[in-house]
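Student: A predicted structure for the sequence below; I have some questions about it.
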Amino acid sequence: MNSELLTIVIPTRNRLDLLELCLKSVFERQSTIPRVIVSDNSNLELPGMESLRKEYDFFYVRQSGSLSMVDHHNACLKLPSTPWALLLHDDDELFPNVTTRLESFLSQCEESGVVIGGTHNIDEHGNVKGTWLPPTHGTFRGEDGVLRVGLDFRAAPPSTIWNMAAFHEAGGYPNANGAGADYTLVVRLAYSHGVTFIPEIIGCYRIGAQQATDYSTPERAEAILDCSIEMARLTRLTGISPQLADRLIDYMTWWIFRIIAGRMINTRPFFVARLWRKCIRVTPSVGKWRHQIRTEYPLLFWRPQWLAMCALKLHRWLPIKLRRTLWQYVRDF
């Protein structure tokens with residue numbers, strides 16, 4: 001018997017192999033199976049889809065194949081008739097035997113706008129590579145709720161359960177460069193309705209090149225940064241104070257920049273410097289994360305800028321030990 005509380009909606013596009021793994025995590029590893037809807041935005045017909053439909057008892061919706069990511073995700077969350085919905089991307093999985101406890105928990109937090117649980121990061125073989133659990137439990141509203149969720153971007157799908165009434169009242173996912181701005185939406189709902197943290201692993205996020213959050217090339221890394229900046233900028237429209245919005249923009253911009261710089265500063269220093277200039281233009285002049293970047297990458301803040309670029313160019317060709325010595329010298333200078 002399907003749950004009257006929760007629907008799992010799975011958006012998919014041209015990835016039948018990953019969709020099958022996702023479906024297995026729901027239909028073969030749960031003692032209670034909620035309603036499951038697969039929303040297929042593939043731009044071609046997948047021969048194996050009919051076999052999956054026969055094997056698993058899910059409701060199937062065939063989309064046009066031309067929807068953008070944000071339009072598809074918003075279309076997905078028009079489908080549930082239950083009070084709560086979990087958007088489980090086709091390349092992610094549901095944590096084993098979590099639905100019974102999750103539904104019991106949801107029955108007690110009907111006024112919250114969004115429920116957030118923990119996440120396993122898994123590789124292509126399903127091996128756990130990292131774990132995140134909410135550092136706090138309970139329900140928080142207003143700017144207190146925003147601070148608790150907005151300064152920790154790991155509070156994200158596939159462990160986010162939406163209150164459907166609050167989701168629709170907010171207008172669904174805002175558009176952040178074609179992607180659904182889930183960060184902005186969480187901030188809006190935490191502020192207006194409240195965010196509830198559950199001390200349970202809910203979803204398994206499959207890391208890899210198939211994810212939109214892939215830093216393997218400069219183009220992809222810059223797209224992630226641009227999307228993060230836009231999601232943070234949109235929080236200014238959620239009703240929070242300008243001071244709090246500044247903190248969120250400082251965090252989201254420089255946190256993502258730090259990931260990119262850590263991967264590319266030694267091989268693509270000029271690319272990193274260009275992204276640094278982009279970040280400087282959109283963030284407040286004073287902020288915790290901007291200060292952190294200044295501490296870790298002081299060469300980027302040198303003036304005049306041509307001197308910083310010369311130092312970065314020299315830095316690229318130095319042996320690793322000399323690089324570390326140079327960074328330490330500049331920090332202490």
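Tutor: Yep, that arrived.
Student: elements contacting the helix or strand Tyr60 falls within?
Tutor: Applying DSSP states H and E as the criterion places Tyr60 in strand 59-62. On a contact count with 3 or more CB pairs under 8 Å, 6 or more residues apart in numbering; DSSP states H and E, strand 59-62 meets strand 35-40. (Glycine included, C-beta is placed from N, CA and C.)
Student: What's the mean pLDDT across the strand it packs on?
Tutor: Summarised as a single mean, pLDDT over strand 35-40 is 97.
Student: That strand - which strands sit beside it in the sheet, and in what orientation?
Tutor: In the sheet, strand 35-40 lines up against strand 6-12 (parallel), strand 59-62 (parallel) (DSSP bridges).
Student: which parts of the longest helix anywhere in the chain are buried?
Tutor: In the chain, taking DSSP state H as the definition, the longest helix is helix 242-264. With burial defined by 16 or more other CB atoms under 10 Å, the residues of helix 242-264 counted as buried are 244-257, 259-261, 264.
Student: got the angle for the helix or strand just after that helix vs helix 242-264?
Tutor: The helix or strand immediately downstream of helix 242-264 is helix 269-282, counting by DSSP H and E. In terms of direction (axes from the mean of the first three to the mean of the last three CA atoms, to 10 degrees), helix 269-282 departs from helix 242-264 by 180 degrees.
Student: coming back round to it: let's see the longest helix of the chain as CSV, backbone CA atoms only.
Tutor: Extracted as CSV, the C-alpha positions of helix 242-264 are listed here (Å, rounded to 0.1, in the frame of the first residue of the first chain):
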residue,chain,number,x,y,z
PRO,A,242,20.4,42.6,3.1
GLN,A,243,23.0,41.8,5.8
LEU,A,244,22.1,38.1,5.8
ALA,A,245,22.0,38.0,2.0
ASP,A,246,25.5,39.4,2.0
ARG,A,247,26.6,36.6,4.2
LEU,A,248,25.0,34.0,1.9
ILE,A,249,26.6,35.5,-1.2
ASP,A,250,30.0,35.7,0.5
TYR,A,251,29.7,32.0,1.5
MET,A,252,28.3,30.5,-1.8
THR,A,253,30.7,32.5,-4.0
TRP,A,254,33.9,31.9,-2.2
TRP,A,255,33.1,28.4,-1.1
ILE,A,256,32.8,27.3,-4.7
PHE,A,257,35.8,29.3,-5.7
ARG,A,258,37.8,27.6,-3.1
ILE,A,259,37.0,24.2,-4.5
ILE,A,260,38.0,25.3,-8.0
ALA,A,261,41.2,27.1,-6.9
GLY,A,262,42.3,24.0,-4.9
ARG,A,263,42.0,21.9,-8.1
MET,A,264,43.4,24.4,-10.7
